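**Student:** here's a sequence, model it:
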Amino acid sequence: VVDEDERLALDGVIPHVAGAMRGEFNLRFGQPSKDVCYVIPELFPFADTPQTDPVTGHSGALLARLEADGKVPKIMFTNSSAEYWRGDAALIHTDLQRMAEAPESSGVRRYHFAGTQHGSGLFPLVETREADGIRGQLPFNSVDYTPLLRAALTNLDRWVSQGIPAPASCHPRLEEGTAVSPDSLEATFSALPGVQFPPRTTRAIRLDYGPETALGRTLLLPAIEGETYPPLVSGIDADGNELAGIRLPDLTVPLATHTGWNLRHADIGNTGLVIGITGGLAGWTLPFPATRDDREATGDPRSAIDERYASRQDYLDRVRVAAQALVEAGYLLAEDVPRVEAGAAERYDAFRLAAVQ
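**Tutor:** Numbers count the residues shown, from 1 in each chain. As a prediction, the model looks like this:
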């Protein structure tokens, strides 16, 4: 973040969907384009403030050297649900010794886009991606989080140029009981029709590349594998939607369940594995039953759309209120409210009206 003359080169940074991983830069045998499990980027420390690993005894902070030099840009860490379900995103805000929230630097914000996958979702629902042929056991996640990114960029600009503090961090928190083990959510997900819970949830692992890793020298290859880090994801409600993070109307006025994980379809093999980096860290969207009869016929524990909303207009009125609440909190731009409403109307028509025609 500094140039050759030690001047601050970047006033603000948004590391998007990075989780607790880093790029393989200035590392022996590093491959900057590589981003999968068991790779060099998954290195301690993970938090912007001092953090101690209770297993290895190592201590450090991502921003330690920048703070010592007085050259710290404003930073917004933004993650989807997929990075949490990958097993590492919560490490950026966890005190591993106390298993509590890690303190936050004054120039840092940490945002979780609830109920989203690694790449912003698209609608109508897609079961097989045309670009790469990847297919999940359920249709891919449809939540479009780009309005949240637009607001984050605008907030970062104002923070840097005008000194207007960015909205508060928003993510799963241990102290609030909203950061939980992914395995604790199995019963809720498994009760949904057609949903198979991952036989093994993903965890970040301690990898020892030797005593000079901090200097960019990976002396032990392959690395010595150690204990896994504790995985934490957002808790969920009875519908399977996440409770923590910045929640778009997709989650607060829902028509479906949205996740940041999706198991591989039998057509592409390894059905017990989640779709990983090579598949875009996909999530899934499973619409609610349209009517009570639909719900009873399938044994779906989630209330039907007709049981939740008196009419299409009732639903859209609630969406407008939810979107306005995000505007007032600073997480959504007022100019994007019509776009959010239009998307909600399109999904209602598809999930409710089309289902009863």
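**Student:** so where is this protein shaky, pLDDT-wise?
**Tutor:** Confidence mapping of the chain against pLDDT under 70 gives the ranges 33-39, 277-279, 354-357.
**Student:** now the helices: where do they sit in it?
**Tutor:** For the chain, the helices identified by DSSP state H occupy 64-69, 81-85, 146-162, 186-190, 249-252, 292-298, 305-308, 312-329, 337-348, in order along the chain.
**Student:** return the most buried member of the ones you listed.
**Tutor:** Each of those was scored by mean neighbour count; the highest is helix 81-85, a mean of 28, by mean count of other C-beta atoms under 10 Å. (Each C-beta comes from the backbone N, C-alpha and C, glycine too.)
**Student:** quick one: residues contacting residue 347.
**Tutor:** Applying C-beta atoms under 8 Å, 6 or more residues apart in numbering, one finds that residue 347 lies in contact with 123, 142, 250, 255-256.
**Student:** try 6 Å
**Tutor:** With C-beta atoms under 6 Å, 6 or more residues apart in numbering as the criterion, the residues that contact residue 347 are residue 255.
**Student:** residue 209 and residue 112, how far apart?
**Tutor:** Distance, residue 209 to residue 112, using C-beta to C-beta, to the nearest Å: 29 Å.
**Student:** so those two - more neighbours on which side?
**Tutor:** Neighbours were tallied for residue 209 and for residue 112 using other C-beta atoms under 10 Å; the higher tally belongs to residue 112 (30 against 20).
**Student:** tell me how far the residue lying closest to the more buried one once chain neighbours are set aside lies from residue 145.
**Tutor:** The shortest distance from residue 112 to any non-neighbouring residue, by C-beta to C-beta, 6 or more residues apart in numbering, is to residue 245 (3.4 Å). Between residue 245 and residue 145 the distance, using C-beta to C-beta, works out to 10 Å.
**Student:** residue 319 too?
**Tutor:** Taking C-beta to C-beta, one finds residue 319 at 16 Å from residue 145.
**Student:** ditto for residue 67
**Tutor:** 30 Å.
**Student:** for residue 280, same thing?
**Tutor:** Here residue 280 is placed at a distance of 14 Å from residue 145 (C-beta to C-beta).
**Student:** those two: who's more crowded?
**Tutor:** Here residue 280 and residue 145 are compared on neighbour count by other C-beta under 10 Å; more neighbours surround residue 145, at 24 against 18.
**Student:** circling back to that earlier point, need the helices of the chain in JSON lines (columns: distance to residue 220).
**Tutor:** Putting the helices of the chain into JSON lines (distance: least, C-beta to C-beta, whole Å) gives the following:
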{"stretch": "helix 64-69", "distance to residue 220": "24"}
{"stretch": "helix 81-85", "distance to residue 220": "27"}
{"stretch": "helix 146-162", "distance to residue 220": "38"}
{"stretch": "helix 186-190", "distance to residue 220": "36"}
{"stretch": "helix 249-252", "distance to residue 220": "43"}
{"stretch": "helix 292-298", "distance to residue 220": "52"}
{"stretch": "helix 305-308", "distance to residue 220": "55"}
{"stretch": "helix 312-329", "distance to residue 220": "47"}
{"stretch": "helix 337-348", "distance to residue 220": "49"}
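**Student:** of these, which is nearest residue 286?
**Tutor:** With respect to residue 286, and counting by C-beta to C-beta, the nearest of the helices of the chain is helix 186-190 at 9.8 Å.
**Student:** off-centre distance for the closest one?
**Tutor:** Its chain's C-alpha centre lies 19 Å from the corresponding centre of helix 186-190 when counted by C-alpha atoms, centre = their mean, to the nearest Å.
**Student:** try stretch 47-56
**Tutor:** For stretch 47-56, the separation from the chain centroid amounts to 22 Å (computed by C-alpha atoms, centre = their mean).
**Student:** next: stretch 114-124.
**Tutor:** Using C-alpha atoms, centre = their mean, we find the averaged C-alpha position of stretch 114-124 to lie 10 Å away from the chain's own average C-alpha position.
**Student:** return the set of buried residues in it.
**Tutor:** 114-121 (16 or more other C-beta atoms under 10 Å).
**Student:** let's see the distance spanning that stretch from one end to the other.
**Tutor:** Stretch 114-124 stretches 20 Å from its first residue to its last (C-alpha to C-alpha, to the nearest Å).
**Student:** now swap in stretch 31-41 and tell me
**Tutor:** From the first residue to the last, stretch 31-41 extends over 10 Å; the measure is C-alpha to C-alpha.
**Student:** ok, now stretch 132-141?
**Tutor:** With C-alpha to C-alpha as the measure, the ends of stretch 132-141 fall 16 Å from one another.
**Student:** what's opposite residue 109 in the beta bridge?
**Tutor:** Judged by DSSP bridges, the bridge partners of residue 109 are residue 76.
**Student:** just confirm it contacts residue 76, I think it does.
**Tutor:** Yes: judged on C-beta atoms under 6 Å, residue 109 makes contact with residue 76 at a distance of 4.8 Å.
**Student:** wait, the residue nearest to residue 112 sits on residue 116?
**Tutor:** No: the criterion here is C-beta under 6 Å, and residue 245 misses it with residue 116 at 8.8 Å.
**Student:** how long is stretch 303-322 from one end to the other?
**Tutor:** Using C-alpha to C-alpha, the two ends of stretch 303-322 sit 20 Å apart.
**Student:** going forward, count from 2.
**Tutor:** With 2 as the first residue, the last one maps to stretch 304-323.
**Student:** what does it rub up against?
**Tutor:** 250, 253-254, 289-293, 296, 342, 345-346, 349, 353.
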